[in-house]
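Visitor: Test case, fold it:
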Amino acid sequence: MLIKRSPNGLDLPYSSEITPQAVYEERRNFIKAMALGAAAGGALWEMANREAFAQTPAAKLAAKLNPAYSALDKQTPFKDASTYNNYYEFGTDKSEPAVNAHTLKTRPWTVSIEGEVNKPMTIDIDALTKLAPLEERAYRLRCVEGWSMVIPWVGYSLSNLIKKVEPNGNAKFIEFVTLADPKQMPGVNSRVLNWPYVEGLRIDEAMHPLTLLTVGMYGQVLPNQNGAPVRIVVPWKYGFKSAKSIVKIRFVKDMPKTAWNISAPSEYGFYSNVNPDVDHPRWSQASERRIGEDGFFQKKRKTLMFNGYSDVASLYTGMDLKKNF
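Guide: Got it, this is the predicted structure:
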């Protein structure tokens, strides 16, 4: 199939297939009615409540589509993107974050920015959202587990915030720290990871225009289970590199120790660029299953180097990407 590309190496945008808000409302009301009318409705009500939470339209975000940074691929339905999630603070099963994340309180919320910067600050989420014009960008999301989605995120290049705080010459890396509150996040009581969840990027990776400080998806504020109220999205890396529910951003001299790298260093490297030639120790990364599109028995699609975002290759000139996985 012939695919046209823009000059920056990214796919041109495909027409949006986002479910209209009216459909969300109708479906949610129907499910609620079914649940309330059931004689033995306990389990059904729980299912309906989960569906309603996942489908409820949140506050709208005014954002302009950025076609230069939007993928050609068909977008993943909102239902799939909001009910099939990895967010271990709310449970390790894919369905658990959508059920449990209603306990997360996203207001008030502040993000502390500190470390090797000339202008450290603590900024409120509303001020953070207004720091730069919001854009909608449909990015491919590739999970290290071998599945993928295409999600229209809303945010702006992280570089806008970085320039605001003026990193000094010692700032080589950026560390992102996620909220870890056992009262709001039942998964934090488990020992599956060392909490809080920490991720990091090299400073030039963070400055790349594709790296998105993200406050919404599908034209709405982020659902709790997708990392509300603010997360990072780095589309050429495996999804676990995109820290959710961020409360602290630190500029540091040395490569930060990240949550999954601490837990299993032989399986989850610091860079974690999508690379079909570097397998996970327990499975191949050469192909992927697209959630919401490919059935279980459908042929998997070929994994693209850097998840198809070829213009980031210059960041790694001269590096051995098998060693620096």
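Visitor: Are we agreed that K299 is in a strand?
Guide: No - following the definition DSSP: H, G, I helix; E, B strand; the rest coil, K299 is coil and is not counted among the residues of a strand.
Visitor: tally of neighbours for the closest residue to T178 other than its chain neighbours?
Guide: Nearest-residue entry for T178: Y197, 4.1 Å, with adjacent residues in sequence omitted and distances by CB to CB, 6 or more residues apart in numbering. Any C-beta I mention is one placed from the backbone N, CA and C, and that applies to glycine too. Neighbour count of Y197, defined by other CB atoms under 10 Å: 25.
Visitor: before we move on, what about R107?
Guide: Count around R107 with other CB under 10 Å applied: 9.
Visitor: circling back: if I pick the residue nearest to T178, what's in contact with it?
Guide: Neighbour list for Y197: Y88, E89, V177, T178, A180, A243, K244, A259 [criterion: CB atoms under 8 Å, 6 or more residues apart in numbering].
Visitor: switch the cut-off to 7 Å
Guide: When contacts are counted by CB atoms under 7 Å, 6 or more residues apart in numbering, Y197 touches E89, T178, A180, A243, A259.
Visitor: Closest one to Q225 out of those residues, please.
Guide: Within the contacts of Y197, distances to Q225 taken as CB to CB reach their minimum at E89, with 10.0 Å.
Visitor: Show me the strands in the stretch 201-325 of the chain, by range?
Guide: Shown for the stretch 201-325 of the chain, the strands assigned by DSSP state E, counting those that start in this stretch span residues 212-217, 220-221, 231-233, 246-252, 287-290, 301-302.
Visitor: Among the ones you listed, which comes closest to D204?
Guide: Across the strands of the stretch 201-325 of the chain, the minimum distance to D204, taken as CB to CB, is reached by strand 246-252, at 13.0 Å.
Visitor: Compute the distance from the centre of the closest one to the centre of its chain.
Guide: 17 Å (CA atoms, centre = their mean, to the nearest Å).
Visitor: For E89, which non-adjacent residue is closest in space?
Guide: M185 (3.9 Å).
Visitor: What about the one you found? Give its phi and psi, please.
Guide: Geometry field for M185 lists phi and psi as phi -120, psi 100, criterion degrees, to the nearest 10.
Visitor: Count the neighbours of it for me.
Guide: As a burial measure, M185 scores 26 neighbours (other CB under 10 Å).
Visitor: Correct me if wrong: it contacts F90.
Guide: Yes - between M185 and F90 there is a contact at 6.1 Å, judged by CB atoms under 7 Å.
Visitor: Helix or strand next in line after the host helix or strand of Y156, which one?
Guide: Element membership of Y156, judged by DSSP states H and E, is strand 147-157. Elements were assigned by DSSP H and E; along the chain past strand 147-157, the next helix or strand is helix 159-165.
Visitor: Now do the helix or strand just after that next one against strand 246-252, angle only.
Guide: If you walk from helix 159-165 toward the C-terminus, the next helix or strand you reach (DSSP H and E) is strand 173-178. With axes from the mean of the first three to the mean of the last three CA atoms, to 10 degrees as the criterion, the two stretches strand 173-178 and strand 246-252 enclose an angle of 160 degrees.
Visitor: what residues does strand 173-178 touch?
Guide: With CB under 7 Å, 6+ apart as the contact definition, strand 173-178 has outside contacts at 196-203, 206, 232, 243-252, 254-256.
Visitor: what about it, distance to the chain center?
Guide: Averaging C-alpha positions (CA atoms, centre = their mean) puts strand 173-178 14 Å from its chain's average.
Visitor: Filter the contacts of Y197 down to the ones in helices?
Guide: When helices are assigned by DSSP state H, the members of these inside them are A259.
Visitor: Give me the below-cutoff pLDDT ranges for the protein.
Guide: In the prediction, the chain carries residues with pLDDT under 70 at positions 1-57, 294-296.
Visitor: I'd like the distance from E135 to M207, if you could.
Guide: Distance, E135 to M207, by CB to CB, to the nearest Å: 17 Å.
Visitor: same check, this time on C143
Guide: Using CB to CB, C143 is found at 25 Å from M207.
Visitor: Same check on S112?
Guide: The value you get for S112 to M207, if CB to CB is used, is 20 Å.
Visitor: what's the answer for P108, then?
Guide: Following CB to CB, the distance that separates P108 from M207 is 29 Å.
Visitor: neighbour-wise, which of the two wins?
Guide: When P108 and M207 are compared on other CB under 10 Å, the one with more neighbours turns out to be M207, at 17 against 8.
Visitor: you'd agree the more buried one is up against N160?
Guide: No - with contacts defined as CB under 7 Å, M207 does not count as touching N160, sitting 10.2 Å away.
Visitor: what residues are up against G227?
Guide: Contacts of G227 by CB under 7 Å, 6+ apart are K244, S245.
Visitor: Can you tell me how far it is from G216?
Guide: Distance of G227 to G216, computed by CB to CB: 10 Å.
Visitor: What of A286?
Guide: Here A286 is placed at a distance of 33 Å from G216 (CB to CB).
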